[in-house]
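Participant: Provide a 3D model corresponding to the input given below.
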Amino acid sequence: MMKNWLLFFVCIYCCIEVSLGQTKEYSSIDIDEIEVTVQSVESSPKGDTTTVILILQSYLKQNRELKLNTFASGLVSPQGKIMFYSTISCGNVRIDFKDKQNYIHYLLNRDQPVTLVIKTVGWQKRWGKPQQVRLTIEDHLEEGKFLQTDINL
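Facilitator: The predicted structure follows:
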């Protein structure tokens with residue numbers, strides 16, 4: 001009887017190890033007192049649409065405005081070209097490319113993570129999943145100064 005229980009727990013442990021080993025762990029990066037964590041990278045079955053989901057969290061004690069330059073941000077193709085988004089959403093703010101809006105303005109609160117979703121249509125299946133996403137945000141201390149960061153996916 002004891003051997004059966006032991007075998008049962010060993011099987012459960014192995015199953016958990018195998019399932020956890022199959023998920024990709026993403027690291028986080030700090031950009032101007034904002035922690036950016038990659039939550040997921042997904043491609044449509046046809047491979048023509050790619051979606052990257054990031055989690056943003058401010059470290060500042062006071063609320064701060066996130067100003068994201070939408071035309072200088074996007075997915076990086078294997079050739080190093082920035083692919084324009086079809087939609088970018090940050091929390092409840094959504095911008096379509098056809099709107100030709102240069103910036104997303106969003107109020108970040110400390111310890112309240114917000115989801116940033118970048119969806120790109122026109123991705124080619126032969127490229128596979130994107131390797132990087134580029135974010136261009138305004139420095140919170142110096143208005144007009146933008147910080148451009150490539151985040152590995």
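Participant: Trp127: neighbouring residues, count only.
Facilitator: 16 (other CB atoms under 10 Å). Yep, even glycine has a C-beta here, placed from its N, CA and C like the rest.
Participant: brain fart, Gly122
Facilitator: A total of 12 residues lie near Gly122 under the criterion other CB under 10 Å.
Participant: per-residue confidence at it?
Facilitator: Per-residue pLDDT puts Gly122 at 85.
Participant: tell me which residue is most central in the protein.
Facilitator: When the chain is reduced to its mean C-alpha position, the nearest residue by CA atoms, centre = their mean turns out to be Leu54, at 2.5 Å.
Participant: need the contact partners of stretch 143-153.
Facilitator: The set of residues external to stretch 143-153 that reach it, using CB atoms under 8 Å, 6 or more residues apart in numbering, is 26-27, 29, 31-32, 36, 38, 41, 52, 54, 69, 72, 76, 129-139.
Participant: emit the ChimeraX select command for whichever of those residues are buried.
Facilitator: Buried residues within the contacts of stretch 143-153, by 16 or more other CB atoms under 10 Å, are selected in ChimeraX with:
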select :26,29,31,32,36,38,41,52,54,69,76,130,132,133,134,135,136,137,138
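Participant: what about the contacts of stretch 143-153, which are in strands?
Facilitator: 29, 31, 36, 38, 41, 52, 54, 69, 76, 132-138 (DSSP state E).
Participant: out of those residues, who's nearest Gln124?
Facilitator: Within the ones in strands among the contacts of stretch 143-153, the smallest distance to Gln124 is 13.5 Å, found for Val76 (CB to CB).
Participant: the residue nearest to the centre of the chain and Glu35 touch, don't they?
Facilitator: No - the pair Leu54 / Glu35 is not scored as a contact, 10.2 Å apart, by CB atoms under 8 Å.
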